[in-house]
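In: here is my input, please return the structure:
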Amino acid sequence: MGDPDRTDLAERLRLVDSLLTVATDIVSSLQRVLTEVHHELGPARREEEAHPRDAEIAELRREVAQLREGLASRAVIERAKGVLMHGHGVTEAESFTLLTELSQRTHRKVRDVAADLLDGAPGLPVAARRPTGVPTDRPPDGTGGDAAVRALATAVDPP
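Out: Reported below is the predicted structural model:
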């Protein structure tokens, strides 16, 4: 019938055609996968380009520093309130009122006034001695603290 060389050539062409079909299917599958990956990563990439993480990290570092400073300030203020409460017989709220009044009168931060009070700074005689006119005993009904706070606040003259 036919020439054996022609039959062999025809068989080889069918194999090459089959291989090309398989290769085309594989390439198509890879293209679909790449398209899906690109589709899923595209928004994240655009987000990263629009909002780099460096700025976010820097902002978080600033926030951490502010929180640490706030904690340190709070500790100083709480200790100063304790000194006032113990040394001058006022309540916690009254001691904080005193610190804020002193802060406003001296145009300084409450934290700085509290630190000076704890250090016994010369500008704040409150830490060293009880000003005259400050009651030493609270009345049994719990009143009198406001008068103590006013006396303490007016005992300090602004610089």
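
In: all helices for this structure, in order.
Out: 4-50, 53-88, 92-106, 110-119, 145-154 (DSSP state H).

In: can you put those helices in JSON lines and add mean pLDDT and mean neighbour count?
Out: (C-beta placed from N, C-alpha, C; glycine too.) JSON lines is the format used below for the helices of the chain (pLDDT from 0 to 100; neighbours: other CB atoms under 10 Å):
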{"stretch": "helix 4-50", "mean pLDDT": "87", "mean neighbour count": "10"}
{"stretch": "helix 53-88", "mean pLDDT": "89", "mean neighbour count": "13"}
{"stretch": "helix 92-106", "mean pLDDT": "90", "mean neighbour count": "19"}
{"stretch": "helix 110-119", "mean pLDDT": "87", "mean neighbour count": "20"}
{"stretch": "helix 145-154", "mean pLDDT": "53", "mean neighbour count": "18"}
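
In: quick one: G42 and R53, what's the gap?
Out: Here the criterion is CB to CB, to the nearest Å. By it, G42 lies 18 Å from R53.

In: ok, L41 next?
Out: 16 Å.
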